[in-house]
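[1] Okay, structure incoming, though there's no sequence with it:
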């Protein structure tokens with residue numbers, strides 16, 4: 001157990017931005033919420049091994065499309081969503097965790113932890129960011145025998161879009177309800193979900209995910225003084241990842257639909273190849289010009305500015321921009337039960353019109369054949 005600091009906030013945002021895979025919130029929002037957390041209290045990061053097996057942990061998150069512009073999530077909304085779960089759950093909640101790393105999502109639970117006297121658990125529902133709540137639901141997405149509680153808070157009271165909502169039911173049904181609430185609130189909303197014992201978290205989460213982001217961020221901070229290329233080299237060395245192409249963005253076709261940003265980004269690489277990045281809030285796959293798959297979720301897929309060496313989100317990509325496309329193969333990161341669950345893929349595959357699960361886990365396809 002250790003107290004989280006101002007330096008940890010910056011490092012978590014820097015490292016989380018790499019794992020954000022083009023989404024995962026916003027740098028400014030992460031710094032703001034993280035700064036508020038360490039000002040309000042003294043949030044503590046703990047290993048799941050430090051908690052009793054029956055200690056209840058809540059997942060803190062935000063739901064929506066990063067490129068949306070009509071939303072409002074204040075620090076109090078993150079706290080309210082967790083409080084709503086606590087109020088409707090018959091048991092003592094001890095800690096919070098995040099479903100994913102990201103530009104701000106690595107820090108999702110820090111403010112509620114500081115405000116409500118909870119601990120931040122060093123575990124994530126997925127090392128990288130992902131578009132649907134089901135992909136960070138710790139293997140619960142297809143469970144019809146499990147009743148969960150999910151809550152949201154957020155929106156603009158001045159235009160009538162503010163919503164507070166608590167819903168109970170199966171993870172799949174309640175996740176769909178929260179996505180609708182996010183859309184109604186302006187495109188993004190603070191959320192809390194799935195009170196679960198530490199024993200379950202230990203077996204199904206990506207353990208140590210917060211520390212991974214912080215340690216990567218610390219390395220990035222040290223490298224920035226030397227220059228963009230050194231930042232990129234440091235990220236590759238620290239993660240085992242690879243830049244699979246550098247070049248100019250020649251076409252961006254991404255549209256908002258139902259609290260998702262969906263589409264493609266095309267990059268003309270300097271080696272003559274063309275990379276097509278498939279987007280559903282985050283980068284979910286990369287194809288080459290012959291439609292051969294180069295990378296598939298749950299690989300980490302990130303775009304970097306070649307000028308600064310820092311990650312660029314989908315919302316900030318523009319045509320004519322010079323970027324690098326970076327990939328960490330899934331074999332190099334902890335994989336949670338969430339991303340191994342075949343039931344979480346069909347809606348994303350349908351939205352994008354591409355195959356994901358069978359390409360990510362070909363051994364599973366053979367087993368099921």
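    Received it, and whenever you're ready, just let me know what you need. Here the structure is a predicted model, which means the values were calculated and not measured.
[2] How about stretch 4-22, which residues are buried there?
    Neighbour counts using 16 or more other C-beta atoms under 10 Å place 4, 8-22 of stretch 4-22 among the buried residues. Using the backbone N, CA and C atoms, a C-beta is placed for each residue, glycine as well.
[3] swap in stretch 164-184?
    164-167, 169-172, 174-176, 178-179, 181-183.
[4] Among the buried residues of stretch 4-22, which lie within helices?
    Secondary structure from DSSP state H places 8, 9, 10, 11, 12, 13, 14, 15, 16, 17, 18, 19 of these in helices.
[5] so after the longest helix seen in the chain, what's the next helix or strand?
    Longest helix in the chain by number of residues, with DSSP H as the criterion: helix 209-224. Scanning the chain past helix 209-224 towards its C-terminal end, the next helix or strand to appear is helix 228-239 (assignment: DSSP states H and E).
[6] what's the angle between that following helix and helix 209-224?
    In terms of direction (axes from the mean of the first three to the mean of the last three C-alpha atoms, to 10 degrees), helix 228-239 departs from helix 209-224 by 150 degrees.
[7] on that earlier part again, who's in contact with the longest helix of the chain?
    7-8, 10-16, 18-19, 45, 98, 101, 106, 120, 122-124, 126-127, 230-231, 233-235, 238-239, 309, 333-334 (C-beta atoms under 8 Å, 6 or more residues apart in numbering).
[8] re the thing from before, closest to residue 278 out of the buried residues of stretch 164-184?
    When the buried residues of stretch 164-184 are compared for distance to residue 278 (C-beta to C-beta), residue 179 wins out at 19.6 Å.
[9] before we move on, what SS does that closest one have?
    At residue 179 the chain is in helix, as set by DSSP: H, G, I helix; E, B strand; the rest coil.
[10] who touches it in this structure?
    Counting by C-beta under 8 Å, 6+ apart, residue 179 touches 63, 132, 133, 258, 259.
[11] For residue 228, see how far away it is.
    The gap separating residue 179 from residue 228 is 37 Å, by C-beta to C-beta, to the nearest Å.
[12] which one is residue 241 nearest to, not counting chain neighbours?
    By the measure of C-beta to C-beta, 6 or more residues apart in numbering, the closest residue to residue 241 outside its immediate chain neighbours is residue 328, 3.8 Å from it.
[13] Let me see the ranges of the strands in the stretch 201-350 of the chain.
    With DSSP state E, counting those that start in this stretch applied, the stretch 201-350 of the chain shows strands at 206-207, 242-257, 260-269, 274-280, 282-287, 293-296, 300-305, 311-312, 322-328, listed in chain order.
[14] Which of those strands sits closest to residue 155?
    Comparing the strands of the stretch 201-350 of the chain under C-beta to C-beta, the one sitting nearest is strand 242-257, at 16.4 Å.
[15] got the contact list for the closest one?
    65, 67-68, 187, 232, 236, 261-271, 273-275, 279, 286, 294-295, 304, 306, 314, 317-328.
[16] Mind giving me the PyMOL select for those residues, buried ones only?
    In PyMOL, a selection of the buried entries from the contacts of strand 242-257 looks like this (16+ other C-beta under 10 Å):
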select buried, resi 65+67+68+187+232+261+262+263+264+265+266+267+268+269+274+275+279+286+294+295+304+306+314+317+321+323+324+325+326+327+328
